[in-house]
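# Generate a structure from the sequence data that follows.
(chains A, B, C, D and E)
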Amino acid sequence: MVLGKVVGTVVSTRKEEALTGLKLLIVRELDTELKAKSSFVVAVDAVGAGRGEVVLYASGSSARLTDVTRDKPVDAVIMGIVDTLEIEGKELYQKRKSR
Amino acid sequence: MVLGKVVGTVVSTRKEEALTGLKLLIVRELDTELKAKSSFVVAVDAVGAGRGEVVLYASGSSARLTDVTRDKPVDAVIMGIVDTLEIEGKELYQKRKSR
Amino acid sequence: MVLGKVVGTVVSTRKEEALTGLKLLIVRELDTELKAKSSFVVAVDAVGAGRGEVVLYASGSSARLTDVTRDKPVDAVIMGIVDTLEIEGKELYQKRKSR
Amino acid sequence: MVLGKVVGTVVSTRKEEALTGLKLLIVRELDTELKAKSSFVVAVDAVGAGRGEVVLYASGSSARLTDVTRDKPVDAVIMGIVDTLEIEGKELYQKRKSR
Amino acid sequence: MVLGKVVGTVVSTRKEEALTGLKLLIVRELDTELKAKSSFVVAVDAVGAGRGEVVLYASGSSARLTDVTRDKPVDAVIMGIVDTLEIEGKELYQKRKSR
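Numbering: from 1, shown residues only, chains lettered A, B, ... in the order given. The predicted model follows:
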């Protein structure tokens, strides 16, 4: 899986019918310093991710193994929202708690 | 999925029989500023995309999960035409309405 | 799929048995100007491609969906020979007709 | 497979249900000198790997073929802990024995 | 498939059980001049390849379609040993005959 940050959304009306109702998010890949790289993907949201959140996404055939993406022509899915991230013993990221 | 722009077409007469009738489009990958990158793919069109349109395409085995590509030897498919694109709160792209 | 140009052949005697009889071609990836890039793959030929021809090849599991590659351990297949290539309204390539 | 080094962990509470209980590790890719590259993945741990260990991970659909990852939306799995690594006749790495 | 050269071996005792008995080789990717690139993979050997040999390896799900790798969590397999390599009409490589 790859760490990414949700930065935007895509709206598509004319699309393969199986995609109806799926939320399409623009996700920028993050480096180990949590800086956004230039590369990005459009991923289906399977977990209710919101803008600015750090997420995990899976690619390829594995992206079809969530409830919302099963057997659909999608190759990237957000399957987890990151709470904490620890690298080399340091907590690099902690999701702000919603109040 | 990846954002791309349709820039051309490929015609191939001598091909695997299962590909007969499929429309093969040349799609350049777009960056987050919607500038065309140098990389491109040849993707099967599953949604009636036209030249100049911004599209979403899926790669790998997922590219075989549309009605037109099922069980065929293709690894990229255009499965959505983009209407609007919003990044960091700004509308970066809006498809012109056809009159 | 990716556009490539057939530049050579590979001969392998000691190989997985399922590969017996397959033609293995060296294919260089082409850019949108039809110049050969440095990257290349070895692809199974499913359509009778010859040296110098511009071809389309598919990668990954899709490469196993031609008659000659079904269920075999190959990850790249030439599934079409390109006749014409049109980019941004210009015909960039036209296959010479055989006489 | 790719050689990597375990450098950290990811905690995700809100995630696809099938992922419950899986250990998510941050793995940096290693070069042939065993230096960590900048690229990294988040991989599910199938073998009890610990921080600092040199591991092998598999990507794509193959990542779903371990007992802990079967049919789950994950695209990278650590499936081996490296004991020794020999390149060009030199032993480049030997795992320290636990006492 | 990709051309590579076998440069070393990996030993892993603690691994997914399905991998028991498989030979894990370090394979450097070759360019069209047959120079080793910096990129490498760890591939399962399905054909009895030895150090220094030029080989073909397949990646992804196709890597599981040899007798020794079927249904196992591996994503790269050596499925052929190269005898000769011809590019642009020149024989670039010929395997030395064993005496």
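
# what helices or strands is the helix or strand harbouring A:E91 leaning on?
According to DSSP states H and E, A:E91 maps onto strand A:90-94. For strand A:90-94, the elements it packs on are strand A:84-87, judged by 3 or more CB pairs under 8 Å, 6 or more residues apart in numbering or on different chains; DSSP states H and E. Where C-beta positions appear, they are placed from N, C-alpha and C, glycine not excepted.

# Output the contacting helices and strands for the strand it packs on.
Checking 3+ CB pairs under 8 Å, 6+ apart, strand A:84-87 ends up next to strand A:90-94, strand D:2-11.

# could you dump those strands to a markdown table with mean neighbour count?
Converted to a markdown table, the helices and strands packed on strand A:84-87 look like this (neighbours: other CB atoms under 10 Å in any protein chain shown):
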| stretch | mean neighbour count |
| --- | --- |
| strand A:90-94 | 13 |
| strand D:2-11 | 21 |
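
# May I see those strands organised as CSV, with mean pLDDT added?
As requested, those are arranged in CSV below (pLDDT from 0 to 100):
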stretch, mean pLDDT
strand A:90-94, 94
strand D:2-11, 97
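
# Nearest to E:S61, out of these?
Nearest to E:S61, of all these, is strand D:2-11, at 16.3 Å by CB to CB.

# That closest one vs strand D:90-94, what angle?
10 degrees (axes from the mean of the first three to the mean of the last three CA atoms, to 10 degrees).

# Skip ahead from strand D:2-11 and say which helix or strand is next.
Taking DSSP H and E, what comes next after strand D:2-11 is strand D:24-30.

# near chain C, which residues of chain A show up?
Residues of chain A lying close to chain C (CB under 8 Å from any CB of the partner chain) are A:S61.

# Tell me which residue is most central in chain A.
Nearest residue to the geometric centre of chain A (CA atoms, centre = their mean): A:I78, 3.4 Å.

# follow-up on the earlier one: check the offset of the strand holding A:E91 from the chain's centre.
Its chain's C-alpha centre and that of strand A:90-94 lie 19 Å apart, by CA atoms, centre = their mean, to the nearest Å.

# wait, what's in contact with A:V42?
A:10, A:24-27, A:76, B:1-3, B:56 (CB atoms under 8 Å, 6 or more residues apart in numbering or on different chains).

# Against D:A43, how distant is it?
23 Å (CB to CB, to the nearest Å).

# cool, and A:I81?
18 Å.

# When the two are compared, which one has more neighbours?
D:A43 (29 against 20; other CB atoms under 10 Å in any protein chain shown).

# Quick check: beta-bridge partners of the closest residue to that one other than its chain neighbours?
Excluding its sequence neighbours, the residue lying closest to D:A43 (CB to CB, 6 or more residues apart in numbering or on different chains) is D:A76, at 3.9 Å. Applying DSSP bridges to D:A76 gives these bridge partners: D:S59.

# so who does D:A76 touch?
A:1, D:27, D:41-44, D:57-59, D:63 are the contacts of D:A76 under CB under 8 Å, 6+ apart.

# swap the cut-off to 10 Å and go again
A:1-2, A:58-59, A:62, D:2, D:4, D:24-25, D:27, D:41-44, D:57-60, D:62-63, D:69, E:75 (CB atoms under 10 Å, 6 or more residues apart in numbering or on different chains).
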